[in-house]
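**Q** Build me a model:
(chains A, B, C and D)
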Protein chains: 2
Amino acid sequence: MLALCAIGIDLFVPRKTPQRDAIHQALAKAGRPLSPQEVLDLASKTTPTLGLATVYRTLGMLEEAGQVAPVDLPGEARRYELQAAADTHHHHFQCDDCGNVYDVEGCPGGIHDILPKGFSLRDHEIILYGKCAACRS
Amino acid sequence: MLALCAIGIDLFVPRKTPQRDAIHQALAKAGRPLSPQEVLDLASKTTPTLGLATVYRTLGMLEEAGQVAPVDLPGEARRYELQAAADTHHHHFQCDDCGNVYDVEGCPGGIHDILPKGFSLRDHEIILYGKCAACRS
DNA sequence: CTAGTTGCAAAGCATTTGCCTGTGG
DNA sequence: CCACAGGCAAATGCTTTGCAACTAG
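**A** This next block holds a predicted model:
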């Protein structure tokens, strides 16, 4: 089986580099979805040479590899979170003050009840807005 | 009272122009949220000289005037719908096939139940994904 | 070695702005 | 008349891409 797979297959071998480590760890340490710029800011602390283009490329690569998941909010630039956080069905909360985005566990039922007649439902997204615990103090 | 208001007040007098008519009617005729480019495409049929910059400026103006409401979906460019459609609390559905966005009336309850502890809730947004009636046929 | 990576700069795109001409009232 | 509007082109701001230098394995 190994021999068969080796014939004519151009296999992709991602390398372990300090930049990728820094990006992955920035997401892990934050524990919430981050924009590419936020990732750069955090990761630059440990890897000052890091460039924004590398962050974009790496996030795209990690996304395809299934290690990070994109988080799109209305009117906001794309953020990313670790796939581990995205494994369970969840939604998001954005703070009116600091703009940070947080994961929200659980899901209210009854989504299907509001579906227009003749339409079919595949998925849904819920975004909450208000003040996060930190900004309420 | 009129006299008082006239002193030193630089009052804004929006004009009735064919461009604004065309933009407003495009939204009315579509009956669903449109992107600026979609508005241009539709409105250009009756007003060929219309430019994209004018569409952007006019939509922004109509928004401030409360005549149209912005519709932001995750990862999508901003769309606009007539304020009449936005007056009642509603959500949105985006078709997987045609990408069109439709208004969805009603709202499932229980949103507050999933709010993280220490957070306060001001508003929420729900987006449904699937196939619209037209694309299911 | 050498294919995969990176940083920088340039390219793309959607949206916004500046400026001068056109026009509704 | 003339302040408001519109059209065009230049300017933004964010994201992607091209390319030559660099490095993990």
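**Q** pLDDT weak spots in chain A?
**A** A:1-10 (pLDDT under 70).
**Q** where do the helices sit along chain A?
**A** Taking DSSP state H as the criterion, chain A carries its helices at A:2-6, A:18-30, A:36-44, A:52-64, A:83-86, A:133-136.
**Q** Can you show me the CA trace of the last one as PDB?
**A** Put plainly, it is helix A:133-136. Taking Å, rounded to 0.1, in the frame of the first residue of the first chain, the C-alpha atoms of helix A:133-136 are listed here in PDB:
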ATOM      1  CA  ALA A 133     -18.000  40.700  31.300                       C
ATOM      2  CA  ALA A 134     -14.700  42.600  31.100                       C
ATOM      3  CA  CYS A 135     -16.300  45.800  29.700                       C
ATOM      4  CA  ARG A 136     -19.300  45.700  32.100                       C
END
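**Q** dump the residue contacts of residue A:85.
**A** A:31, A:69, A:103 (CB atoms under 8 Å, 6 or more residues apart in numbering or on different chains). From N, CA and C alone the C-beta is placed, and that goes for glycine too.
**Q** one more time with 10 Å, if that's ok
**A** For residue A:85, the contact set (CB atoms under 10 Å, 6 or more residues apart in numbering or on different chains) comprises A:27-28, A:31-33, A:68-69, A:71, A:103.
**Q** before we move on, the earlier item: please identify which of the helices of chain A is closest to DNA strand D.
**A** Among these, helix A:52-64 comes nearest to DNA strand D, with 3.3 Å by CB to the nearest atom of the strand.
**Q** Could you confirm whether the closest one reaches DNA strand C?
**A** Yes - Helix A:52-64 comes into contact with DNA strand C (CB under 7 Å from any atom of the strand), by way of A:53-54, A:57-58.
**Q** Then stretch A:66-73?
**A** No - Stretch A:66-73 stays clear of DNA strand C (CB under 7 Å from any atom of the strand), getting no nearer than 12.4 Å.
**Q** For that stretch, list every residue counted as buried.
**A** For stretch A:66-73, burial by neighbour count (16 or more other CB atoms under 10 Å in any protein chain shown) applies to A:67-69, A:71-73.
**Q** ok, is that stretch in contact with DNA strand D or not?
**A** No - under the criterion of CB under 7 Å from any atom of the strand, stretch A:66-73 makes no contact with DNA strand D; the nearest approach is 10.0 Å.
**Q** Relative to residue B:127, how far out is the spatially most central residue of chain A?
**A** Centrality entry for chain A: nearest residue to the mean C-alpha point is residue A:80, 2.2 Å, by CA atoms, centre = their mean. Distance, residue A:80 to residue B:127, by CB to CB, to the nearest Å: 19 Å.
**Q** go on, residue A:86?
**A** 17 Å.
**Q** And these two? Which one has more around it.
**A** residue B:127 (21 against 17; other CB atoms under 10 Å in any protein chain shown).
**Q** wait, isn't residue A:114 in contact with residue B:91?
**A** Yes - at 7.0 Å, residue A:114 counts as touching residue B:91 under the criterion of CB atoms under 10 Å.
**Q** more neighbours, those two?
**A** residue B:91 (21 against 18).
**Q** what's near enough to touch that one?
**A** Residue B:91 touches A:111, A:114, A:124-126, B:102-108, B:124-128, counting by CB under 10 Å, 6+ apart.
**Q** Quick check on those residues: which are buried?
**A** A:111, A:114, A:124-126, B:102-104, B:107-108, B:124-128.
**Q** Could you tell me the end-to-end distance of stretch A:11-20?
**A** Stretch A:11-20 has an end-to-end distance of 20 Å (CA to CA, to the nearest Å).
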